[in-house]
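Q: got a predicted model here, sequence first, then my questions.
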Amino acid sequence: MDEHSIGKTIASLRKSKGWTQVELAEKLNVSDKAVSKWENESGLPEISQFPTLAKLFDVSIDYLMMGKIDETISLNDMDSNKRMFYLIKKDDVENYIKYDYPSKTYFDDFNSDNSAIASIIENKSAKIFNACVRSGIKLKPSHYNCCTLVGSIYEHIDTLIKMACDSDCLEFFKTIDFLSFAVGDKTQQLKSNGSVRIIHTSYRHTYDPKTAYLVSPDIFEYIFNCPAVSNRIVEYISTYRAFQSNSINYGSSVADWGTINGTFYFLEQNIIEQLYKTKRFELLSDFIQQINLDTAKTIKIYNELTYESQVFYKLQNGYLLRNDAGSYGRTTIIGKLITIDKKIVELAISNLDDNWTNIFVNYNRGIVKDSTKGILNYESKVVFAPDTQELNALYDEAKRQKRISKIKDNATISDKQRREQLFAENALSISDVICADDYDLFAKFPEEQTNSVTLLDVVNADCSDIRFYIHALNVDDNIQNLNTALKAILEKHPDRYDILDTLLSAGATIDDNVAFTNILKQNVALYFSSKETANSNVEIDNNVSKDILLKSLEEGKLEYVIVNLTMVLERKLKEKFAEQNMDLIDMIDKAHNLNTISDFECKMLHNLRKARNGIMHQSGKFYYTEPIVKTWIKIVYSL
């Protein structure tokens, strides 16, 4: 049982009297803020005020405090509004009818203090709701009668439809002709639309679902997914309305030539989707049989039409349209032609549901096959009817997605194992790997992806693996990014001398301050002075080949590869330019100036040269990683 609310009771009784909070406050000699606090349940009246409140509202103190009606008071002796709200709360339909309240329950009156329909919905008074609908939906008396029934209640139509579901009130769906609705957001419709709005009787409903009354997607799904909604309501909504040409009117006068108005239906795809999702397969089979009959009639008419110049056909929103450009663009409707939407077919495929996938696809294939004039050819993608090869590819992708979901949901594996398995399924982005600080997996990505990474990507991910910084500074030649990275490391990780040394060796500076940068270099050098080792004695191989270099790279002999690869580069450039005395730095720049190598290749070859110098001479360090060295090999042997 719901806990009684004194504040809500006071608010309900106040509204039943037609008083504002200010008026009630004046009668009690308190502030309107005090009344507001009571009703918002932010406070309670003083005990001494309850007798006065009970007298004002003509109720007992027990009713105020506990919601109990004094049964000794006759319904006939109650105030009319008080009695109405009391009966609504009790869902006492017999007395509600006896006192003729259905005739005063206005379905378009949600905002007044005495709104019966708002109270019926709040209290979930199903019996009374049904009685009001059966007696005919009433609207507030008005001198103006320019709105349709649905138009008058349209602002609150979703709330009323949900109440009809909860009350098992099938009559409400029939009264509003729910089958002529479409699914969508009505926000824009409720705004002014020229001189005629959708709620008006003169509004023209056409084959465009935007001109139909709309039910929200959430409420439409609620009808099919809520266990409390009866089968008879679901079965009614799942009824197919066959095409009736006499329900459509075409403008024939000069003023309305070419206009279309009538009753149109758009729920077919939504119904098929919800019946499939909720596994109401018997209803779904019946529904598809019905749309198939109507579609077959339309295709028959279409196939029998003779060729006419300036006449075009198109399938739109489930209707086959004929447009005669020779009659000032006059459009007529041949009939309903329902295909199964691609997303519904893909839903069945994603479930690996062979049975319904084949039913949906074969249905669409049949339409393509039967319409001999070509407008529905699969090549134009008007109808989604994949052939066997395409269907197999879709199934393969669906299976892959299942595997991916299983990997993501597997709680028995480590994050690193999860990343590796997702990588194997091509379901991991390079940014995910950078954020995970997993350089080993990063190195397995294609070069075109790893070489597009910037220093800012690495800094923003706050990577701790120095190899990310080494890789990025080799491929990112933006000096601003380099300086930003240095500043970020100083702020976040001032003790990471290895990263600082890496960035400084590439030319990074602190706010273009040479003095400060030199001090930083000295501090870093002091840190590494006790850790310095003698330069390696690298073997020089004048007959080295690409295969030998790649094999040495796999064996981790990076210094051997760099020194000997640089010799290969020098030899190639000297042969190309027939220059035996030119320095390597100048030959690389000459190759760049002659467009022999790209900007990126020029930068990478200079980095190779710097790395060689750092190994063989006392000319400063330059850092590198295995994937970077592999890229250097690729560039050198492409010359």
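A: Cool, the structure landed.

Q: taking the centroid of this structure, which residue is nearest it?
A: With distances taken as CA atoms, centre = their mean, the residue of the chain nearest its centroid is residue 217 (13.6 Å).

Q: that one: what's it in contact with?
A: By CB atoms under 8 Å, 6 or more residues apart in numbering, the contact list for residue 217 reads 183-184. All C-beta atoms are positioned from the backbone trio N, CA, C, and that covers glycine.

Q: how is the chain carved up into domains?
A: 356-407, 416-529, 546-636 (automatic domain parsing).

Q: endpoint to endpoint, the first one covers what distance?
A: This means domain 356-407. Criterion CA to CA, to the nearest Å; first-to-last residue distance in domain 356-407 is 27 Å.

Q: which SS class is residue 320?
A: Of the three states, residue 320 takes strand under DSSP: H, G, I helix; E, B strand; the rest coil.

Q: how far away is it from residue 288?
A: Per CB to CB, to the nearest Å, residue 320 is found 18 Å from residue 288.

Q: count the neighbours of residue 469 for me.
A: Neighbourhood size, residue 469 [other CB atoms under 10 Å]: 26.

Q: tell me the SS of residue 309?
A: Per three-state DSSP, residue 309 ends up coil.

Q: now do it, the pLDDT please.
A: Predicted confidence (pLDDT) for residue 309: 77.

Q: any idea how far it lies from residue 46?
A: 88 Å.

Q: of the two, which one has the most company?
A: residue 46 (10 against 7).

Q: show me the helices in the stretch 201-350 of the chain, by range?
A: 217-225, 231-237, 268-277, 281-304, 342-350 (DSSP state H, counting those that start in this stretch).

Q: quick one, which of the ones you listed is packed in tightest?
A: With neighbours defined as mean count of other CB atoms under 10 Å, the helices of the stretch 201-350 of the chain peak in mean count at helix 268-277, which reaches a mean of 20.

Q: which strands and helices sit next to that helix?
A: In this structure, helix 268-277 makes packing contacts with helix 217-225, helix 281-304, helix 342-350, judged by 3 or more CB pairs under 8 Å, 6 or more residues apart in numbering; DSSP states H and E.

Q: would you reformat those helices as a markdown table and include mean pLDDT?
A: Shown next, in a markdown table, are the helices and strands packed on helix 268-277 (pLDDT from 0 to 100):
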| stretch | mean pLDDT |
| --- | --- |
| helix 217-225 | 97 |
| helix 281-304 | 92 |
| helix 342-350 | 95 |
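
Q: out of those helices, which is closest to residue 247?
A: Closest to residue 247 of these, according to CB to CB: helix 281-304, at 13.5 Å.

Q: that closest one to helix 268-277, inter-axis angle?
A: 150 degrees (axes from the mean of the first three to the mean of the last three CA atoms, to 10 degrees).

Q: using CSV, write out every CA atom in helix 281-304.
A: Taking C-alpha atoms only, helix 281-304 is exported to CSV below (Å, rounded to 0.1, in the frame of the first residue of the first chain):
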residue,chain,number,x,y,z
PHE,A,281,5.8,-15.4,-34.0
GLU,A,282,2.2,-16.5,-34.7
LEU,A,283,0.9,-13.0,-34.9
LEU,A,284,4.0,-12.0,-36.9
SER,A,285,3.3,-14.8,-39.5
ASP,A,286,-0.3,-13.7,-39.8
PHE,A,287,0.7,-10.1,-40.2
ILE,A,288,3.2,-10.8,-43.0
GLN,A,289,0.6,-12.9,-44.8
GLN,A,290,-1.8,-10.0,-44.8
ILE,A,291,0.8,-7.4,-46.0
ASN,A,292,1.9,-9.9,-48.7
LEU,A,293,-1.7,-10.1,-50.1
ASP,A,294,-2.0,-6.3,-50.3
THR,A,295,1.5,-6.0,-51.8
ALA,A,296,0.7,-8.6,-54.4
LYS,A,297,-2.3,-6.6,-55.5
THR,A,298,-0.2,-3.4,-55.9
ILE,A,299,2.5,-5.2,-57.8
LYS,A,300,-0.1,-6.7,-60.2
ILE,A,301,-1.5,-3.2,-60.9
TYR,A,302,2.0,-1.9,-61.3
ASN,A,303,3.1,-4.6,-63.8
GLU,A,304,0.0,-4.1,-65.9
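
Q: which other helices and strands contact that helix?
A: Against helix 281-304 (3+ CB pairs under 8 Å, 6+ apart) you get helix 268-277, strand 330-336, helix 354-370.

Q: pull out the buried positions in the helix or strand following the longest one.
A: Just to be clear, that refers to helix 354-370. Later in the chain than helix 354-370, the nearest helix or strand by DSSP states H and E is helix 388-409. For helix 388-409, the buried set under the neighbour-count rule, 16 or more other CB atoms under 10 Å, comprises 391, 394, 398, 404, 407.

Q: who touches helix 388-409?
A: 346, 349-352, 357, 361, 386, 413, 418, 421-422, 425, 427.

Q: give me the distance from it to the chain's centre.
A: Distance, stretch centre to chain centre, for helix 388-409: 21 Å (CA atoms, centre = their mean, to the nearest Å).

Q: quick one on the thing from earlier: dump the helices of the stretch 201-350 of the chain to JSON lines, plus distance to residue 630.
A: JSON lines is the format used below for the helices of the stretch 201-350 of the chain (distance: least, CB to CB, whole Å):
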{"stretch": "helix 217-225", "distance to residue 630": "51"}
{"stretch": "helix 231-237", "distance to residue 630": "62"}
{"stretch": "helix 268-277", "distance to residue 630": "49"}
{"stretch": "helix 281-304", "distance to residue 630": "56"}
{"stretch": "helix 342-350", "distance to residue 630": "39"}
